[in-house]
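Enquirer: fold the following and give me the result.
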Amino acid sequence: METERPVTRQGFHSDPDGSEEPRFHGDPGSQEPRFHGDATREEGDPDPGVREEPRFHGQVGLRKLQAAQTGAELKAAAIRVFERVGYLNAKITDITAEAGRATGSFYKHFASKEALLEALLADLLAEGDANAELPGHGTDFRDRDAIRWHVAAFWSVYRRHRVVMVALQQAALVSEAFAQRSREMLAPDLGHIVDHLSKLRLPGDPLVSASLFAVTISGFASTWLSEASRPDLGRTLTDEEAIETLTTFLHGGLGGR
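Expert: Next up is the predicted model:
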């Protein structure tokens with residue numbers, strides 16, 4: 001009578017010569033791996049006698065990882081190209097050449113240049129959502145510190161991602177479809193501002209007041225963080241001065257305490 005061979009790791013028997021063979025679904029005590037085509041057998045059922053090759057997903061996972069890496073490289077390359085020539089002048093071939101990729105690879109990830117820019121906007125919004133989880137995020141705009149937190153957060157994002165922010169403005173100017181899509185993507189954030197304003201005696205409709213808040217912050221950052229539109233102040237406007245000035249302006253205008 002054959003004795004049971006010792007198990008060396010989950011799901012495998014060890015032969016005397018050191019080789020291992022996989023247990024099959026339905027063997028006593030085995031759980032992994034399951035094999036494609038095996039049916040669960042109750043005790044006493046006949047062994048179908050057919051051993052099929054296992055399905056392994058490692059190769060699929062590797063392909064997904066490689067695709068994500070290529071997508072990230074294309075987005076990074078696009079930002080560099082936008083910075084050099086501007087969004088409107090950038091061509092897809094410029095982006096793929098910058099990334100060292102074939103032009104055809106672009107369309108495996110993005111349907112168009114606008115779709116790539118939309119993906120970059122989605123990345124910015126995800127970063128904003130992560131920032132909202134950080135300590136200090138106040139939600140009552142009666143409190144000056146709550147307004148300051150939002151001003152400082154937006155100013156920081158705009159400074160780090162100035163190229164993308166300018167590209168978004170340029171794209172919206174020439175494509176109403178892209179402008180509409182951007183508004184749709186930004187609508188939840190505008191809704192959060194409406195909520196933050198809920199305890200104030202506002203000068204108008206909450207949504208109108210929220211849009212005024214957002215446009216004021218965006219326009220101010222665009223003016224002072226863009227070399228093309230920055231007024232000649234005769235000195236450097238520090239981040240601290242910019243944030244404090246805008247915070248005081250908004251807090252006073254909204255009637256905060």
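Enquirer: when you work out contacts or count neighbours from here on, use the C-alpha atoms and nothing else.
Expert: Will do.
Enquirer: which residues of the chain score low on pLDDT?
Expert: Applying pLDDT under 70 to the chain picks out residues 1-58, 256-257.
Enquirer: which residues of this protein fall in helices?
Expert: Ranges of helices in the chain, per DSSP state H, are 58-85, 92-99, 103-106, 113-132, 144-160, 162-174, 176-196, 206-225, 239-254.
Enquirer: to Leu233, which of the ones you listed lies closest?
Expert: Checking those against Leu233 by Cα to Cα gives helix 206-225 as the closest, at 10.0 Å.
Enquirer: tell me what the closest one is packed against?
Expert: If you count contacts as 3 or more Cα pairs under 8 Å, 6 or more residues apart in numbering; DSSP states H and E, helix 206-225 packs onto helix 144-160, helix 176-196.
Enquirer: any idea which of those is most buried?
Expert: Per residue and on average, the most neighbours among the helices and strands packed on helix 206-225 fall to helix 144-160, with a mean of 18 (mean count of other Cα atoms under 10 Å).
Enquirer: got the angle between it and helix 206-225?
Expert: Per axes from the mean of the first three to the mean of the last three Cα atoms, to 10 degrees, the angle that helix 144-160 makes with helix 206-225 is 50 degrees.
Enquirer: any idea how far helix 144-160 is from the chain center?
Expert: Distance of helix 144-160 from its chain centroid, counting by Cα atoms, centre = their mean, to the nearest Å, is 19 Å.
Enquirer: tell me which of the helices of the chain sits nearest to Gly138.
Expert: Of all the helices of the chain, it is helix 144-160 that lies closest to Gly138, at 4.3 Å by Cα to Cα.
Enquirer: okay, now the domains of the protein?
Expert: 60-110, 112-254 (automatic domain parsing).
Enquirer: make a markdown table from the helices of the chain and add distance to Leu233 to it.
Expert: Below are the helices of the chain laid out as a markdown table (distance: least, Cα to Cα, whole Å):
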| stretch | distance to Leu233 |
| --- | --- |
| helix 58-85 | 24 |
| helix 92-99 | 36 |
| helix 103-106 | 43 |
| helix 113-132 | 30 |
| helix 144-160 | 18 |
| helix 162-174 | 20 |
| helix 176-196 | 31 |
| helix 206-225 | 10 |
| helix 239-254 | 12 |
